[in-house]
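Student: Got a sequence here, can you build the structure:
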Amino acid sequence: MLRSFLVVLSFISVIPVPQRFIPEWDSESLRYFCPMLELSGAIFGALWLGIWHVLSLAHMLSPALRGLFMTIFTLAITGGLHLDGLMDSCDALFSHRDRETRLRILSDTHAGSFAVMGCVVILISKTLLFSELLTLNVSPSLVPVYSRLGMAVLLNNLPFAKTGGLAVMLGSSRSRKHNVFFAVMVMVLLMCSRTLALAFVVCLMLWGRVCMKIFGGITGDLLGAFVEIAESVMMMCLVIRECI
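Tutor: Numbering: from 1, shown residues only. This next block holds a predicted model:
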């Protein structure tokens, strides 16, 4: 489990992990990759909470500027990994091509117009939402916990859209037994915030349907896109809850 956690941490974050502690990517080190994704969400949540408290005390800054700093921080700690997945997914999703062509677009390293538009929309949305939540004094520290849980659930349960690729490698040791752990986490998080839990379930079901209907399964880019979209939707639900 420790080896799987180190693989997860070194892959989806820029948190420094000494090279000598990073194991080889084999069946043993990836055995608990999906459950450890959820644990990494707790790490991200703690980091979000820390910078959140710092920015909440920076009253000399405008809410918009604090929201921008929060967005930059959340982007920096992932190295833009999930945002890259969102951009590729936007190009493929809105290309209105057949499934095979869309899958090829996902693998294309070039950014198209839809990728740029998706990137701009998500960054502006997160900046404004962070700004609103800072003004309302509502912490979004549980948001990355939910988003990584969803990432783990999708990777552990949906078929792979391609015969090769990152998702196939990372999900090579997935198991239905992990779903028991995910179910327990959902119940725990439900007690923490019903608003986030409801938004999470809706995002998970809808994105899972999109992946299956349009792409025929999951890929690494689609997992990254889920994280970005779900986090924005969950934060929007927090804002709406406080305003009504």
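Student: what's the offset of stretch 208-215 from the middle of its chain?
Tutor: Distance, stretch centre to chain centre, for stretch 208-215: 17 Å (Cα atoms, centre = their mean, to the nearest Å).
Student: Output it in CSV with nothing but the alpha carbons.
Tutor: Extracted in CSV, the C-alpha atoms of stretch 208-215 (Å, rounded to 0.1, in the frame of the first residue of the first chain):
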residue,chain,number,x,y,z
GLY,A,208,-19.4,8.1,-16.6
ARG,A,209,-22.3,8.1,-19.1
VAL,A,210,-20.4,10.5,-21.3
CYS,A,211,-17.3,8.3,-21.2
MET,A,212,-19.2,5.2,-22.1
LYS,A,213,-21.5,6.6,-24.7
ILE,A,214,-19.0,8.8,-26.6
PHE,A,215,-15.7,7.1,-26.0
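Student: Could I get the average pLDDT for it?
Tutor: What stretch 208-215 shows for mean pLDDT is 93.
Student: what comes into contact with it?
Tutor: For stretch 208-215, contacts defined as Cβ atoms under 8 Å, 6 or more residues apart in numbering pick out 92-93, 99, 102-103, 106, 154, 158-159, 161, 217-218, 222. For every residue, glycine as well, the C-beta is placed using N, CA and C.
Student: Quick check: phi and psi on residue 218?
Tutor: phi -110, psi 150 (degrees, to the nearest 10).
Student: which residues sit in contact with it?
Tutor: 154-155, 158-161, 167, 171, 211 are the contacts of residue 218 under Cβ under 8 Å, 6+ apart.
Student: For it, which residues count as its bridge partners?
Tutor: residue 160 (DSSP bridges).
Student: pLDDT of stretch 190-197, averaged?
Tutor: 86.
Student: oh sorry, the question was meant for stretch 79-86
Tutor: Per-residue scores along stretch 79-86 average to 90.
Student: neighbouring contacts of it?
Tutor: Outside stretch 79-86, the residues touching it (Cβ under 8 Å, 6+ apart) are 12-14, 75, 118-119, 122-123, 220-225, 227-229.
Student: Just the buried ones among the residues you listed, please.
Tutor: Listed as buried from those are 12-13, 75, 118-119, 122-123, 220-225, 227-229; burial here means 16 or more other Cβ atoms under 10 Å.
Student: helices or strands up against the lowest-mean-pLDDT helix or strand in the chain?
Tutor: When the helices and strands of the chain are scored by mean pLDDT, DSSP states H and E, helix 166-170 comes last with a mean of 77. Packing contacts for helix 166-170, counted by 3 or more Cβ pairs under 8 Å, 6 or more residues apart in numbering; DSSP states H and E, involve helix 220-243.
Student: could you point out which element follows the least confident helix or strand of the chain?
Tutor: Heading C-terminal from helix 166-170, the first helix or strand you meet, by DSSP states H and E, is helix 178-192.
Student: Contacts for that following helix next, please.
Tutor: 32, 34-35, 38, 142, 145-146, 149, 152-153, 156-157, 196-197, 200.
Student: May I ask which helix or strand encompasses the residue sitting furthest away from the middle of the chain?
Tutor: Most distant from the centre of the chain: residue 60, at 31.0 Å, with distances by Cα atoms, centre = their mean. Under DSSP H and E, no helix or strand contains residue 60.
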